[in-house]
Each structure stands twice: as C-alpha cells, then as structure tokens.
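>>> quick one, fold the following:
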Amino acid sequence: MAEINHFEYGWITPALSYALSVLGSFLGLVCAGRIRTAGTAGQRAWWGTLAAWAIGGTAIWSMHFMAMLGFAVDGTRIRYDVPITVASALIAVVAVGIGLAIVGTGRLSVLRVVAGGLFTGAGVAAMHYTGMAAMRLNGSLGYDGVRVALSVLIAVVAATVALWLAVTVRRALAIAASALVMGVAVNGMHFTGMSALSVHLHEQRGEVTGAGFSTLLVPIVLAVILVVVGLVYALLAAPTDEDRAGAAYLDARRGPAGAVPVAEAQPAPDPVGLRARGTLARPGTAFPSRRDTPPR
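Modelled structure (predicted):
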C-alpha cells in the first residue's frame, strides 16, 4: 500500500478550497434567493441556473479540484482523464440545479426540501467519486465502505441544509454566515471521502497517460474567474426590491393611456376683485394700443 499525502503544499490548498466553497456558496445563496421572488418562469429558470453554477460549479467542484492539488501518492505520478473530469463538473451543476428546481417551485414544504437534498447529495457524492475515477496512476484505488457511506451521508445532509438555506435566508449577514457553514460541510464531505481512499501500487510501472494539473490549472482557473465575474455582474445588474417598488409606484400613477396626468392650472386667488375690473385679466382680450384711442 502506497503512502498518501493529502496536504502536499501544507495549508495553502485546503485554505484556498475553503475560500472557493464559501465564495460559491455566498453567490449561490444570493442567486437562489431571487428564485422565489422572480415574477416569471423565465426569470426563475435564469436565477436557478446561476445558482446551480455558483454552488455546483464553484462551491463544490472547484473546491474539489483545488483540494486535489495537494493530493500526492508516493511512488507514482498522477494524471487525469479530461472527459471524465468534465463529466464530474457537469454532474455537480446538474444535481444542484435539479435540487433547486424541486425546492424553488411550488409551495415550500419539508418533503420538497428532503427530496431535493437526497437528490442533490447523491449527485454531489457521484461528482466526488467520478472525479476520483478520473485519476490515472501506477496503482489501483480502494475504498473503505464505512467512510464512503459517511461521506455520502454528509453530502446529503449538507445538500439538504444548503437547499433550505437557499430558499429561506434573505439578509446579507445571514447569507454570509450560511456560506461559512456550507464551506465547512463541503470540505468535510470531500476530506471524509478522501480518507476512505487507499492506493495499491502496481509491481510493473508503466507510462501514466492523461492531463497533469499544470495542464488543467489554467483553463479551470479562468473558467472560475469568468463564472464569478458573470455572477457578480448579473446580481449587480438585476433590479433590487427598491427598484421594483419604485417602478410599481410609477405604474400606479400612470393613466390608462400610459401618460402621467397633469394637474389643471388653478386661477390665482383674487380677494379684492381686480381680475373682474381689469380687461387684461380676461383671456382673449387684446392689448390696448394708442391707435384704438378715439380722436378728441
């Protein structure tokens, strides 16, 4: 059995993985909060898609990739199968998206949250072990069944709590605290699953095929940056509750034709009757001229 090191670069990789999971969770919770307040089905689908990419892509899958940077096995190089790696990312995004669709539509209930948590948690666990299956090395992988079951249980519980928070939390401070808790849960699931792993090296060493981390690092980092920037832009560009309230107020003030009614001008007060005595105060009266004066 080969010796495994989960922290090849010390605290750097777990700290970065936790930061990614917290950032993705925060953005995902903000996006998910817009689902139940959206006015149309298209808006709900839009915010649900953004939340799925934030939580599934950034908080879960990118965290998994960053933590794997610190994974090393003595006596063998590690490579990754690119199609399987991409499939693991899609599994995470789709699983979170379906879970949000379950709890984000219709009347919120405990049954919906539990059903969404079971489906999403199973998808997150499938993402993790699919990503592990993408590894290529001079050895065979083995897993401890009890720890695998524990990691799946953690994934289901974390997913259920995340979905419940996604549709109930509204205030910024509560969202930030929830993101910190979700970061702990996601990292706990990952490292619990990694602790179940054992590697048995092959006696005959061959060439390890696949992409190395140096090959995958740049495109994945760029993809994460683009996703985060896109999510932040979408949140900043979206109208706030104050904007919607102002628009509703203006719509209420508009007439049937869509024009703002203009109040009719009221005559100024004339307490001493000067308007009745003067000809200039009467509308339509011509301005007096010298030519109009009769000769003496």
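>>> list the contacts for Val157?
If you count contacts by CB atoms under 8 Å, 6 or more residues apart in numbering, Val157 has them with 117, 121, 185. C-beta here means a position set from N, CA and C on the backbone, and glycine is covered the same way.
>>> now the first one: how far from Ile12?
Using CB to CB, to the nearest Å, Gly117 is found at 32 Å from Ile12.
>>> which of the two has more neighbours?
Legend: neighbour count by other CB atoms under 10 Å for Gly117 and Ile12, higher for Gly117 (23 against 13).
>>> mind listing what that one touches?
Listed by CB under 8 Å, 6+ apart, the contact set of Gly117 reads 99, 156-157, 159-164.
>>> hang on, isn't Ile154 packed against Phe191?
No - at 10.0 Å, Ile154 does not count as touching Phe191 under the criterion of CB atoms under 8 Å.
>>> please, which helix or strand holds Thr37?
Using DSSP states H and E, Thr37 falls within no helix or strand.
>>> how near is it to Tyr233?
Taking CB to CB as the measure, Thr37 falls 19 Å from Tyr233.
>>> likewise Ala149?
To Tyr233, Ala149 is 41 Å away according to CB to CB.
>>> how many other residues sit next to Gly39?
Neighbour count of Gly39, defined by other CB under 10 Å: 8.
>>> which pLDDT value goes with it?
As predicted, Gly39 sits at a pLDDT of 76.
>>> just to be sure, it is in a helix?
No - the assignment for Gly39 by DSSP: H, G, I helix; E, B strand; the rest coil gives coil, which leaves it out of any helix.
>>> partners of whichever strand or helix holds His200, with directions?
Secondary structure assignment for His200, by DSSP H and E: strand 197-201. Using DSSP bridges, strand 197-201 pairs in its sheet with strand 139-143 (antiparallel).
>>> pretty sure Pro239 sits in a helix.
No - per three-state DSSP, Pro239 lies outside any helix segment and is coil.
>>> okay, now it: neighbour count?
By the criterion of other CB under 10 Å, Pro239 has 10 neighbours.
>>> ok, now which ones touch it?
Ala247 are the contacts of Pro239 under CB under 8 Å, 6+ apart.
>>> same thing but 7 Å
Contact analysis of Pro239 by CB atoms under 7 Å, 6 or more residues apart in numbering lists nothing.
>>> quick one: it from Thr37, how far?
11 Å.
>>> just the strands in the chain please.
For the chain, applying DSSP state E gives strands covering 4-5, 72-73, 79-80, 135-136, 139-143, 197-201.
>>> name the helices or strands packed onto the fourth one?
When you say that, I think you mean strand 135-136. strand 79-80 (3 or more CB pairs under 7 Å, 6 or more residues apart in numbering; DSSP states H and E).
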